Structure formats: structure tokens, C-alpha cells
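Enquirer: build me a model:
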Amino acid sequence: MLFSVGSGSAGSVVTNRLSESHNVLLLEAGGTTHPMLRIPLMTYFLHGIGAVDWKWRTVPQKSACFALRNNISAWPAGIGLGGSSNINGMIYFRGNIQGFDTIANSTGNDAWSMTNMLEIFKEIEDYHGYFTDSKAHGRGGRLSIEKSHLHQCSIQLLRAAQELGYKIRDPNTNGPITDGFAPMDFYLKNGRRWSAFDGYLSDIIDTRQTLTIRKYATVTKVLLDDTNRAYGVEYIQNGVTRVALASKEVILSAGSIQSAKLLMLSGIGPKDHLKELGIEQRVDLAVGEHLQDKYGAFVGPFVSAEGTSFLRERDINIRTFMEWVMMGRGPLQCSRSEATYTWSSSYAKKDNYGGFPDLHTYFLAWSVDERYERDMETTFNIDPKISRKYYGKAKGKDSFFQMVSLNKIFGTGTLRLRSKDPFAQPLLDPKYLQHPRDVETLVEGIRFAVNLVENTTSFQEINATLLPIPFPGCESHSFKSDNYYECLARHVTVTAYKYSGTAPIGRDRTDVEAVVDSELRVFGVNGLRVVDASVLQVRQLSVNHVSIQAMAELASRFILKFWKKLPIISENPLSIFDILTRLNPDRENDIIR
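Expert: Okay, the predicted model is just below:
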């Protein structure tokens, strides 16, 4: 028996692949997906809803998020079968995959090389996007990819890029990412959201005899014996505490935040922190010590000519709804992020940074409408009073935004337990904009984004311009100066939803940052792996849905290869019952073979 905890981008893959030849118990804290999740346009409307979102929150930020309520950033994360792939932006972007070479070199395991990972990317794809290079993309895989809908403002972005000498290129090439612009490809099938559940679980959930799925089962602890072998988990389902035993392994795929929480609640983590909370330590590892996130500044609105962007009151009607229902097309087929570009700042060009662009901008056709205050509050936690005062000036006008993000970060944060209560929110401190290089790079990215709009003929054709009003709190700075852009960045600091690095991969225990080895086994514990974004680091490579699925495919191969070498471990139901009874005679036990 193998246990998979979590059914998101990684957990769905692991569960599918391992249950092909092993008995697998999948424990998922949430339930089945909601039909509204199918509509791409609903993406940001669903953030903050408890049935589909863990609703994580950071601690107040000292140097950023000044326009957010209490300086706190909202960190949505999916709950339910499919995990965060149910509520993410669906953006297909492999990113700076050359970072996999960094992992291969640092761990000594060539399976992580960019060349090998590219083959996995292609194997899992069913690509029907904008770009046609068969060497870069695959067909027939479990990850469905389609073109996005483009509004005129997004088309003008691509024209403006060519005007400045940039290439319109596939951001997901058969090699390293480069500077350039592109229309977005999305995780869609027939214009509907295509989640990890759709790709890896929907066709086996009722038919594969080796797979057992327990929904609404929140794991609270990994059980370790006296030799530090993981032999099962404790979980709560319908208010009842249960225990399930694993004869082979426990695999945590609960996401960067929940997996790190479970490790620490189980006594695996920083010695002093666990002692402070009264948790018996089993292994001293740097869990949560290197929390990272891809983040940036939400710049706009850029007001443009009528009909050039998406305006909800005008563009959502019976005709466009039926267009989506019947053909999977139109404005409902897009999550509002329609185009993208990566480019290298002056710092990246000077210092190389491993050869990948350090700035990544998402281009959003998103006009300010009647619901905008609520959208910004639920999506980013932006103070409604600030939304009303600033964004309200563009209400009812066509406009667009640019989310300028750091593709390589220098500052890192921490994840701590708030208490021993497994249901308590963790203390998440990403320490946004506390490293000067991050500030300088982001300012350069904002300056480029504004100049791109205001100093190109293509954008002037649609009368595009940044709203000519200083952002509240930045009025003392000269408008559009670098000091103003820094102030803006510190106010509208928002996440790109790439939480990672809470249980980093490393070569061995001499790596003080590492929590897992190159096959994702937790150091100092037998029978326990972490397979999710916890093990990856934004400062090395892009952490996103497709890179996590590719990583999970690789991890599944590690696990299958390992257990192919070993004989099947027999189980004795009576000895299992005895163990569970000794643990807690009052607890309802769950014997799984």
C-alpha cells in the first residue's frame, strides 16, 4: 500500500501512475469539483470560497503590500480533487526550465536535467496551442492545452513588441526560455478548464480496483515508529480521527504549505521551532526555512479605446455565453490573462543569472467594472477603499493591466506553525521586497511595461495610456519616476501563486537547506517522500502547474523503480490492529491493505 496525501497538480499524477501497479490510498481534504470551475472566466471569482480554496494569508508585510488590507497578501490554494489546478489561471508556461540543470548538477542526479525533463513535458502534453513546432510539443498526453481568446489590446501588445524589435516566440520551446512575447496557451479542452483531476483521475476514479479515494479526509500527522520509519498517517474525516497504515510509503503531495505543515506537526523540522511549540522532534531539517513565491506589482489600469478589452457588463451576455457553451470560444474561454512576455533586466544581462530572463509580465484584458472592488479584494486582498478611490476612476472604460513579476527572486521567507493545531493557519512570511535587488529589478520591469504602452505606435492606435493619477500613498513622488514606481510596487505587491521551497531538494544532509534527496525522500526518515512544489525553488526555476506535473511524473518513476527492486512486504491484519489499538484504543481505526 502506498499513500498519496493530496490530489492537486502533483498528487493526481502520482496517484494515477502508482495505482497502475500498486494499491494506493488517496486522501483528499476536499471534495469533488464544482461545475462553475469549468468556466475559465470564473477563475478569480472563486478565490476566497472555502469549498475550493484553503484561503491562506501571509503575515503583515513590512516592506510591501501597503495597499492590501493590513499589509496582508491573500494566497489562494485549491482544495478538492484537482487541488489548485481547479482555481489557477490555467496559463501554460514551462518557464525557465534550464533551472532543472541546476538541480541535476547540485544533486548529482542527471534524471533532473533539462534535456530529460523536456522529454517528460512533451510526453504529458496534448498540445493544440498557438505554436506548431512538433519538436517542442507533444500530442496525445493527459495535459490538454489550447489557444486563448485574444482581445484587441492583447493583439496590440504583440504588435508593439515587434515594433521594439522583440520576437513573438513560443515561450515553451524545445530548449531554454529566452526573451520574447507570446499569446497565452491555456490548460483547456473544448474551451473548458482542464484540471489535474480531469487529466489523471477522472477516467480511473470508479474503475481502477487498486485505487481507494477518501474525500473530506484531512491528514493531521505522519506516523513514525521508533526507527523513524513512516508507517501511516492520522487523518480526520467527518469529525472522526482515523489512522491508516502504509506497508510501503507515505507520499505528501499536499502543496508547499500543507506538506510543510504536516512535516513539522510530525516532528520533522527546525529544532528550535518545534521545541517552542512543544512538538517532539524526530528529525532536525530546514522545513519552511526557505519559503519562496513568484510575485510582483499589479500595474494599471491602462485605459484604452472602447471595445479593445474585456468589460463584463458589455461582453457577458446570452450570445457570448452560448458561444462558449456550443463552441468553447469567446470571452468566457479566457481567464483574462491573454498574453505574456519575459525579458532580461540590466542586472540579468550583467550577472547572467544562469541564462534566463529575470522578469515575467502577465498581460490582462481586465477592465474596471461594477464588481471590480470585490474582485480585487477576494483575489489580492486589496483594500476596497483604495480600489474605490483609484481604480474607480476608470470604471466602465476599456482598460488592461500588466502584472510585472520577478522570474528570479533574491529574498526568501519562512513558514512557521502558529500552534500544534493542524487546522490553524500557518505563519507565512514571504518577506516581499526586503532584498534591494528584487526592488531594483521590479522597478525596471514596471518602467519597461509603462514605456511599452505609452511609447509605441501600436498602443497609441488604441489610445492606451496609464491612468494619469498617482496611486494613493505615492502622491509625494514625481509621477512615473523610478521613486514613484518603487512606491507603486510596494503598494500593489501581489502574488503570482507560485509558493515553493518549503522542503527543498538537495544532494545529502551536508546541504543545510535540503529536506529531501534527489528522489524526493525525506532525509532521516524511511518511507516518506514529498512530491509537490515544496521541493522546488522559484529562484532556480519556474514553479507552475506543468512543471509540477512533469516533476510528479519523474517522481513516480523513481518510486516505481525503487519498489520494483524490492520484494512485496506482507501485511498481518492482526498486528496492524494491535498497533492501532496501542496508539489509541478510543480512535476509530482504518486498516488498509
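Enquirer: just the element for residue 16, please.
Expert: Using DSSP states H and E, residue 16 maps to helix 11-19.
Enquirer: and if you look at residue 220?
Expert: strand 217-224.
Enquirer: in three-state terms, label the residue lying closest to residue 334 once chain neighbours are set aside for me.
Expert: Excluding its sequence neighbours, the residue lying closest to residue 334 (C-beta to C-beta, 6 or more residues apart in numbering) is residue 149, at 4.3 Å. Where C-beta positions appear, they are placed from N, C-alpha and C, glycine not excepted. Assigned by DSSP: H, G, I helix; E, B strand; the rest coil, the conformation of residue 149 is coil.
Enquirer: ok, now the one 10 residues further on?
Expert: In three-state terms, and counting by three-state DSSP, residue 159 is helix.
Enquirer: next: residue 134.
Expert: Going by three-state DSSP: residue 134 is coil.
Enquirer: please work out how many residues are found near it.
Expert: Number of residues near residue 134 (other C-beta atoms under 10 Å) recorded here: 10.
Enquirer: please report the distance of the residue nearest to residue 334 from residue 438.
Expert: 33 Å (C-beta to C-beta, to the nearest Å).
Enquirer: quick revisit: who's in contact with the following helix or strand past the helix holding residue 16?
Expert: As assigned by DSSP H and E, the chain's next helix or strand after helix 11-19 is strand 24-27. Residues external to strand 24-27 that are found in contact with it (C-beta atoms under 8 Å, 6 or more residues apart in numbering): 1-7, 11, 15, 18, 210-214, 217, 219, 233, 235, 244, 246, 592.
Enquirer: can you check stretch 94-111 too?
Expert: Contacts for stretch 94-111 (C-beta under 8 Å, 6+ apart): 112-114, 116-118, 121, 171-172, 176-177, 354-357, 360, 407-408, 505-507, 511, 517-519, 540-544, 546-547, 554, 557-558.
Enquirer: what about the strands in the stretch 251-400 of the chain?
Expert: With DSSP state E, counting those that start in this stretch, the ranges of strands along the stretch 251-400 of the chain come out as 268-269, 283-284, 295-303, 337-343, 359-364, 399-406.
Enquirer: nearest to residue 195, of those strands?
Expert: Smallest distance to residue 195 across the strands of the stretch 251-400 of the chain (C-beta to C-beta): 16.9 Å, for strand 337-343.
Enquirer: for that closest one, what is the average pLDDT?
Expert: Across strand 337-343, the average pLDDT comes to 94.
Enquirer: stretch 413-429 too?
Expert: Rounded mean pLDDT across stretch 413-429 is 97.
Enquirer: off-centre distance for that stretch?
Expert: Put simply, stretch 413-429 sits 19 Å off its chain's centre (C-alpha atoms, centre = their mean, to the nearest Å).
Enquirer: with stretch 212-220 instead?
Expert: Worked out by C-alpha atoms, centre = their mean, stretch 212-220 lies 22 Å from the chain centre.
Enquirer: rewinding a little: which of the contacts of strand 24-27 are buried? Put it as a ChimeraX command.
Expert: The ChimeraX command for the buried members of the contacts of strand 24-27 (criterion: 16 or more other C-beta atoms under 10 Å) is given here:
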select :1,2,3,4,5,6,7,11,15,18,211,213,214,217,219,233,235,244,246,592
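Enquirer: filter the contacts of strand 24-27 down to the ones in helices?
Expert: 11, 15, 18 (DSSP state H).
Enquirer: now the residues you listed in JSON lines, with pLDDT and distance to residue 499?
Expert: Below are the ones in helices among the contacts of strand 24-27 laid out as JSON lines (pLDDT from 0 to 100; distance: C-beta to C-beta, whole Å):
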{"residue": "11", "pLDDT": "96", "distance to residue 499": "16"}
{"residue": "15", "pLDDT": "96", "distance to residue 499": "21"}
{"residue": "18", "pLDDT": "95", "distance to residue 499": "25"}
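Enquirer: so which of the residues you listed comes closest to residue 315?
Expert: For those, the nearest to residue 315 is residue 11 (35.9 Å; C-beta to C-beta).
Enquirer: I'd assumed residue 84 was in contact with that closest one.
Expert: No: applying C-beta atoms under 8 Å as the test, residue 11 and residue 84 come out as separate, 10.6 Å apart.
Enquirer: return the most buried member of the strands of the stretch 251-400 of the chain.
Expert: Across these, averaging neighbours per residue (mean count of other C-beta atoms under 10 Å) puts strand 268-269 on top, at a mean of 30.
Enquirer: residues contacting it, please?
Expert: 222, 260, 263, 279, 281-285, 287-288, 522, 524-525.
Enquirer: could I get those as CSV with pLDDT and distance to residue 75?
Expert: Conversion of the contacts of strand 268-269 to CSV gives the following (pLDDT from 0 to 100; distance: C-beta to C-beta, whole Å):
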residue, pLDDT, distance to residue 75
222, 97, 23
260, 98, 13
263, 98, 19
279, 96, 24
281, 94, 27
282, 96, 28
283, 97, 27
284, 97, 27
285, 97, 23
287, 98, 18
288, 97, 14
522, 98, 24
524, 97, 29
525, 97, 27
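Enquirer: sketch out the low-pLDDT regions of the stretch 401-550 of the chain for me.
Expert: Nowhere does the stretch 401-550 of the chain drop to pLDDT under 70.
Enquirer: for the stretch 451-593 of the chain, what spans make up the strands?
Expert: Going by DSSP E, counting those that start in this stretch, the stretch 451-593 of the chain shows strands at 465-466, 493-495, 528-530.
Enquirer: can you tell me which of these is packed in deepest?
Expert: strand 528-530 (a mean of 28).
Enquirer: which residues are contacting that one?
Expert: 222, 230, 249-253, 259, 263, 503, 515-516, 519-522, 555, 559.
Enquirer: now, of these, which are buried?
Expert: 222, 230, 249-253, 259, 263, 503, 515-516, 519-522, 555, 559.
Enquirer: just the ones of the residues you listed in helices?
Expert: 259, 263, 555, 559.
Enquirer: got those as TSV, with distance to residue 269 columns?
Expert: TSV is the format used below for those (distance: C-beta to C-beta, whole Å):
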residue	distance to residue 269
259	12
263	6
555	21
559	23
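Enquirer: which one of these sits closest to residue 445?
Expert: Using C-beta to C-beta, these come closest to residue 445 at residue 259, 30.9 Å.
Enquirer: who's in contact with that closest one?
Expert: Here residue 259 is in contact with 5, 6, 252, 253, 502, 503, 530, 532, 534 (C-beta under 8 Å, 6+ apart).
Enquirer: apply 10 Å and report the result again.
Expert: 5-6, 10-11, 219, 251-253, 287, 502-503, 515, 530-535 (C-beta atoms under 10 Å, 6 or more residues apart in numbering).
Enquirer: likewise for residue 122?
Expert: Counting by C-beta under 10 Å, 6+ apart, residue 122 touches 134, 135, 136, 137, 138, 139, 141, 172, 174, 550.
Enquirer: doesn't residue 125 make contact with the third one?
Expert: Yes: distance between residue 136 and residue 125: 9.5 Å, which falls inside the contact criterion (C-beta atoms under 10 Å).
Enquirer: out of these two, name the residue with the larger neighbour count.
Expert: Set residue 136 next to residue 125 and count neighbours by other C-beta under 10 Å: residue 125 wins out with 24 against 18.
Enquirer: residue 208 reaches residue 20, doesn't it?
Expert: Yes: counting by C-beta under 10 Å, residue 208 does reach residue 20; the two are 8.1 Å apart.
Enquirer: more crowded one of the two?
Expert: Taking other C-beta under 10 Å, residue 208 and residue 20 do not tie; residue 208 has more neighbours (16 against 13).
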